[in-house]
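A.B. asks: this is a predicted model, with the sequence first.
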Amino acid sequence: MRLHDFTHAILRAPATSVVHGLRAHDGPGPTFEGVAREHAAYARALERAGVSVEILAPLEEFPDSIFVEDPALVFGEGAILLNPGTATRMEEARLLRPALEARFASLQPLDRGHADGGDVLVTPDLVMIGLSARTDRVGAEALARALGHLGRPAQIVEPPKGALHLKTIASLIDEDTILTTAAGEASGLFSRFRQVVLDPAEEPAANALRVNDTLLLPAHHPRIAERLDALGFDLVLLDTTHIGRIDAGLSCMSLRWRAVLPGSGRDKSKTQPLPHPNVPARPSVRVGPASPDIRQDAPPFRSTRRRSILRSCASPSPPIRAARRDSR
């Protein structure tokens, strides 16, 4: 099975307090209605991708609790309770614990330091842990030990300066392809992968989410959508306008795993390791500079293969998808 094959996901409904979520800018804030609409569309997209979705009750005291990926890390064979690096979020792991205990045979708490799930990028051969303002070295080392107990090797890395999280600048979109920013490419962190490099105007699209055969991508980034469509990815575009106003993206809103088959003792989605670290650098696939007439808030692109519009999942009707050119 592939690394991005999932059967289950846990989400948490947004509380009305989400409008007070953490953000590092003075621009417009989100509305509760906007976040709730985007969250509901996201849940529907996961279900249509073949995932069984469970949505936990909102936590009014914790504005950022909708972002369940930060206080935990889950695999088919077990879960790890993390310790978010922001004071207002430290209790979220404790409140998430009962849901994880009910679903995983193994649950390890982070025994020291701080680590956010947004700094954890799972790849076929190892788990990358990024150091940031919210993940310190003590926490990263503790997380690496916990991952070792699950049989998963880890590597602690330093993302480019200014990155909120490791997954702010990079997403694994298939077994050997990373979607990343120019700074992510220049860092050399992903040189063993094929890299699809974003135009600077579309860097918010770096936090994409591959789920089974579907690649969820933030809407309003037409150049990278065209490029990924041409590469054969089955895209669903999701509006993240309000989620983005509180410094979050698509991966932040769910915990995803493939259920272990009874008696197997292992997550059947785990792939064979790739050669590491002595593998040659993979070529980058660059998206050229944006045309003057393409704006950040441009409408969804038209597929060059069937001229069909890829729409967001904001309405209950199924999204129109571009036809697959090949089977990857």
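C.D. replies: Nice, I can see it.
A.B. asks: show me the shaky parts of the protein.
C.D. replies: For the chain, the stretches flagged by pLDDT under 70 are 261-328.
A.B. asks: what comes up buried for the lengthiest helix in it?
C.D. replies: If you go by DSSP state H, the chain has its longest helix at helix 32-48. By 16 or more other Cβ atoms under 10 Å, the buried positions in helix 32-48 come out as 34-46, 48. Quick note: C-beta positions are derived from backbone N, CA and C, even for glycine.
A.B. asks: repeat for stretch 98-110
C.D. replies: Using 16+ other Cβ under 10 Å as the test for burial, stretch 98-110 gives 99, 100, 103, 104, 107, 108, 110.
A.B. asks: would you map the strands across the stretch 101-250 of the chain?
C.D. replies: Secondary structure of the stretch 101-250 of the chain by DSSP state E, counting those that start in this stretch: the strands cover 107-109, 120-122, 127-130, 154-157, 170-174, 177-180, 194-197, 209-211, 214-218, 235-238.
A.B. asks: out of the ones you listed, which is closest to residue 247?
C.D. replies: For the strands of the stretch 101-250 of the chain, proximity to residue 247 was assessed by Cβ to Cβ; strand 214-218 is nearest, at 13.3 Å.
A.B. asks: chain neighbours aside, what residue packs nearest to residue 126?
C.D. replies: Leaving aside its chain neighbours, residue 126 sits nearest to residue 153 (4.6 Å; criterion: Cβ to Cβ, 6 or more residues apart in numbering).
A.B. asks: whoops, residue 95 was the one
C.D. replies: In space, residue 95 is closest to residue 59, 6.3 Å off (Cβ to Cβ, 6+ apart).
A.B. asks: so the one you found touches residue 94, yeah?
C.D. replies: No: with contact defined as Cβ atoms under 8 Å, residue 59 does not reach residue 94; the gap is 11.0 Å.
A.B. asks: more crowded one of the two?
C.D. replies: More neighbours surround residue 59 than the other of residue 59 and residue 94, with 19 against 12 (other Cβ atoms under 10 Å).
A.B. asks: the more buried one belongs to a strand, doesn't it?
C.D. replies: No: counting by DSSP: H, G, I helix; E, B strand; the rest coil, one finds residue 59 to be coil, located in no strand.
A.B. asks: in contact with it, which residues are there?
C.D. replies: The contact partners of residue 59, taken as Cβ atoms under 8 Å, 6 or more residues apart in numbering, are 12, 15, 65, 92, 95.
A.B. asks: quick one on the thing from earlier: and the buried residues of stretch 98-110, which two are the farthest apart?
C.D. replies: Greatest spatial distance among the buried residues of stretch 98-110 (Cβ to Cβ): 103 and 110, at 18.4 Å.
A.B. asks: picking that back up, any chance of the buried residues of stretch 98-110 in CSV, plus distance to residue 249?
C.D. replies: Listed next are these as CSV, based on distance: Cβ to Cβ, whole Å:
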residue, distance to residue 249
99, 22
100, 22
103, 24
104, 25
107, 26
108, 26
110, 23
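A.B. asks: how far does stretch 25-43 sit from its chain's centre?
C.D. replies: Distance of stretch 25-43 from the chain centroid (Cα atoms, centre = their mean, to the nearest Å) equals 17 Å.
A.B. asks: check stretch 209-222 too.
C.D. replies: Counting by Cα atoms, centre = their mean, stretch 209-222 comes out at 10 Å from the chain centroid.
A.B. asks: now stretch 115-135
C.D. replies: Put simply, stretch 115-135 sits 11 Å off its chain's centre (Cα atoms, centre = their mean).
A.B. asks: how about that stretch: buried residues?
C.D. replies: 115-132, 134-135.
A.B. asks: stretch 47-58 now?
C.D. replies: For stretch 47-58, by 16+ other Cβ under 10 Å, it's 48, 49, 51, 53, 56, 58.
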